[in-house]
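Engineer: How does the following fold in three dimensions:
(2 chains)
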Amino acid sequence: MIVARFRDFSFQYEGTSFWALKDISLDIREGEMILITGPSGCGKSTFCRALNGLIPHFYEGVYKGSVKILGKEVKDTPTYELARYVGMVFQNPENQLFASTVEREIIFGLENLNLPQNEIKERLNEALRLLGIEDLRKRAPFELSGGQQQKVAIASIIAMRPRILVMDEPTANLDPVSALEVFDLLIELRKKLNITILVVEHRLEVIAPLVDRIIVMNKGRIIADGEPRDALSRTDVFTIGVGIPKVIVLYRKLKRQGIKLDKIPLTPDELAVEVAKRCRKTQST
Amino acid sequence: MPENAVYLKEVYFTYDGINMVLSNINLTIKKGEKVAIMGENGAGKTTLIKHFNGLLKPVKGEVRILGYDTRRTPVSTLARHVGIVFQNPDHQLFAESVEDEIAFALRNFGFPEEVVRKRTEWALNVMDLTRYRKTSPFLLSGGERKRVAIASVLSYNPEIIIFDEPTTGQDYFQKQKIAQLLKLLSLQNKTVIVVTHDVEFAVENFEKIIVMARGRIIAEGTPEDIFNDMKVLKTARLLPPQVTECAIKLKRYLPRIRTQVTKVEDLFSEIIKYC
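Structural biologist: Next up is the predicted model:
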């Protein structure tokens, strides 16, 4: 099932003289986990805003083509309705959190959806459980660590049961281990809820091995869209300057030296296995 | 003239009078040094750097910045010598256009308008923001806003420049640019202190790394040493850079491989020795 469909979509912000997005056509299927990356100003944030209706309902400009979420034309659908399908988590959880307790934070969005009390309670408990933060329910969000805050932000969105979860650099402010925990959690959520997840990220080392698909953007256009190994080993993706994981840089360097590995590695484990295989081959010949 | 840019002796700090956020911090950063401070969320890194411009004063111990005792020196004096670019640019930005934002501190310090104009121009250029000069900072992307925050600190030319997570939200090219900027500042003999989670950025750009955990400094050394010390990494919730991790994983198959590597070139030379 296709949950989001872009057709010849272009957008130019009011007061600017360039297209922030140009001729975007793509389909996003239910349950996909997609990484969106590209240099700053490439249109990643605009893409996210077009998904949840902030464009064109909040940001004005020239809007061409079509964006459909679950079959509904975004420009003809009010944002409060879109908010039920598309949940957004931002880079700075502290910009998003405001309530006095974690519980209140999660309940806020649910009350806005006008849900009956018992359902609110049920969803609150479910979200706390899914994110593994039951012990934080009475704590104040502002006194939590960055990683915990980000989990609270995700919980408050998940409780609204969106079909698509869009995350704009969700781990940018987290230490590496906390970042890994958040990503592991996303994988769990996808398994349990069959939710579609789009993550915008620059730190590809951690996330590239975890996603099904990578969309690389540059200057408002999609320049690569495919399976991680293919998308990240393309020469044009190299030259636009996304932070290609070091394992792939090494793979290319070895290849130039005449050491061709059987598989493009995405993780240190894969690299080690491939190099070892290759070394054995060299030694036995 | 004092040799030390930053000198801390047995520094303790608490926000609430109960929980120590900094405990027994002893630290010397020499003038012109470039160091990275790393560690998990909540380790006390930001609290520590707030001591460097007198925003926070130790509850016990001594902090001297360029020889000034921060307890006896007004923040306004320290602010001219120490610039801090905070993690969340939204806490820092408020002006209506990027150029006004950058000019603000300069005007505040009372520089003549001619100097304000020149320095603003320079900072816009260095941070690749000239095309946004008339734009409101709030229309910019997160990464761009961060660059505005950096430009507004660079503009008044402080001797010590501190960056709290400068690479968050920056793409590869911008990161390279920030790396170049740090080099340039070093060449000008500025003291550069960078708080970062970005392991790859740290190994590429620093020869000295300070690691914090639970309010203490738990290690100080070169990237090669720090990232081979699994105990330190575990305590500080850091991961080794991908190159080091590759070497560690390769050791299972190639027992003689050197794991003290952080750069692609070094690992490459190691691999071709055995393949």
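Engineer: quick one: the strands in the chain?
Structural biologist: In the absence of a named chain, chain A is used. In chain A, the strands defined using DSSP state E lie at A:2-13, A:21-29, A:33-37, A:61-69, A:72-73, A:86-89, A:164-168, A:196-200, A:213-218, A:221-226.
Engineer: looking at chain B here, not the other one
Structural biologist: Going by DSSP E, chain B shows strands at B:4-14, B:20-30, B:34-39, B:60-65, B:68-69, B:82-85, B:160-164, B:191-195, B:208-213, B:216-221.
Engineer: For B:Thr70, see how far away the closest residue to B:Ala5 other than its chain neighbours is.
Structural biologist: Sequence neighbours aside, B:Thr191 is the residue nearest to B:Ala5 in space, at 3.9 Å (criterion: CB to CB, 6 or more residues apart in numbering or on different chains). Yep, even glycine has a C-beta here, placed from its N, CA and C like the rest. To B:Thr70, B:Thr191 is 15 Å away according to CB to CB, to the nearest Å.
Engineer: Could you do B:Glu62 as well?
Structural biologist: With CB to CB as the criterion, B:Glu62 and B:Thr70 are 9 Å apart.
Engineer: what residue is smack in the middle of chain B?
Structural biologist: B:Val194 (1.2 Å; CA atoms, centre = their mean).
Engineer: List, one by one, the residues from the stretch 151-275 of chain B near chain A.
Structural biologist: B:165, B:168-176, B:197-200, B:236-239, B:241-243, B:245-246, B:248-250, B:252-254, B:264, B:267-268, B:271-272, B:274-275 (CB under 8 Å from any CB of the partner chain).
Engineer: And those residues, which of them are buried?
Structural biologist: Buried residues within these, counting neighbours by 16 or more other CB atoms under 10 Å in any protein chain shown: B:165, B:168-172, B:174-176, B:197-200, B:236-239, B:241-243, B:245-246, B:248-250, B:254, B:264, B:267-268, B:271, B:274-275.
Engineer: about what we covered before: report the beta-bridge partners for the residue nearest to the centre of chain B.
Structural biologist: B:Ala36, B:Phe163 (DSSP bridges).
Engineer: So what's the residue count around A:Asn114?
Structural biologist: Neighbourhood size, A:Asn114 [other CB atoms under 10 Å in any protein chain shown]: 7.
Engineer: ugh, wrong one, I meant B:Arg71
Structural biologist: If we define neighbours as other CB under 10 Å, then B:Arg71 has 11 of them.
Engineer: With B:Gly32 instead?
Structural biologist: 16.
Engineer: wait, it sits on B:Lys190?
Structural biologist: Yes. With contact defined as CB atoms under 8 Å, B:Gly32 reaches B:Lys190; the gap is 7.2 Å.
Engineer: ok, now which ones touch the closest residue to B:Val211 other than its chain neighbours?
Structural biologist: Nearest residue to B:Val211, sequence neighbours excluded (CB to CB, 6+ apart): B:Ala219, at 4.2 Å. Contacts for B:Ala219 (CB atoms under 8 Å, 6 or more residues apart in numbering or on different chains) come out as B:209-211, B:226, B:229, B:232, B:236.
Engineer: how about 10 Å then?
Structural biologist: Going by CB atoms under 10 Å, 6 or more residues apart in numbering or on different chains, B:Ala219 touches B:38-39, B:209-213, B:225-226, B:229, B:231-233, B:235-236.
Engineer: Could you pull out the helices in chain A for me?
Structural biologist: A:44-52, A:54-57, A:79-85, A:93-96, A:102-112, A:117-131, A:146-158, A:176-193, A:204-207, A:228-233, A:235-240, A:246-256, A:268-284 (DSSP state H).
Engineer: can those go into CSV with extra columns for mean neighbour count and mean pLDDT?
Structural biologist: Formatted as CSV, the helices of chain A follow (neighbours: other CB atoms under 10 Å in any protein chain shown; pLDDT from 0 to 100):
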stretch, mean neighbour count, mean pLDDT
helix A:44-52, 23, 92
helix A:54-57, 19, 94
helix A:79-85, 16, 90
helix A:93-96, 18, 73
helix A:102-112, 19, 92
helix A:117-131, 17, 93
helix A:146-158, 25, 88
helix A:176-193, 18, 87
helix A:204-207, 22, 88
helix A:228-233, 19, 90
helix A:235-240, 14, 78
helix A:246-256, 19, 93
helix A:268-284, 17, 87
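Engineer: Kindly reformat these as TSV containing distance to A:Phe6.
Structural biologist: Listed next are the helices of chain A as TSV, based on distance: least, CB to CB, whole Å:
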stretch	distance to A:Phe6
helix A:44-52	8
helix A:54-57	12
helix A:79-85	15
helix A:93-96	26
helix A:102-112	26
helix A:117-131	29
helix A:146-158	22
helix A:176-193	21
helix A:204-207	22
helix A:228-233	18
helix A:235-240	20
helix A:246-256	28
helix A:268-284	32
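Engineer: how about those, which one is nearest A:Asp8?
Structural biologist: For A:Asp8, the closest of the helices of chain A is helix A:44-52, at 12.7 Å, according to CB to CB.
Engineer: and stretch A:197-211, is it in reach of chain B?
Structural biologist: Yes. On the criterion CB under 10 Å from any CB of the partner chain, stretch A:197-211 is in touch with chain B at A:200, A:202-206.
Engineer: of all these, which two lie farthest apart?
Structural biologist: It's A:Val200 and A:Glu205 that sit farthest apart of the residues of stretch A:197-211 next to chain B, by CB to CB, at 15.6 Å.
Engineer: pLDDT score assigned to B:Ser141?
Structural biologist: pLDDT, B:Ser141: 78.
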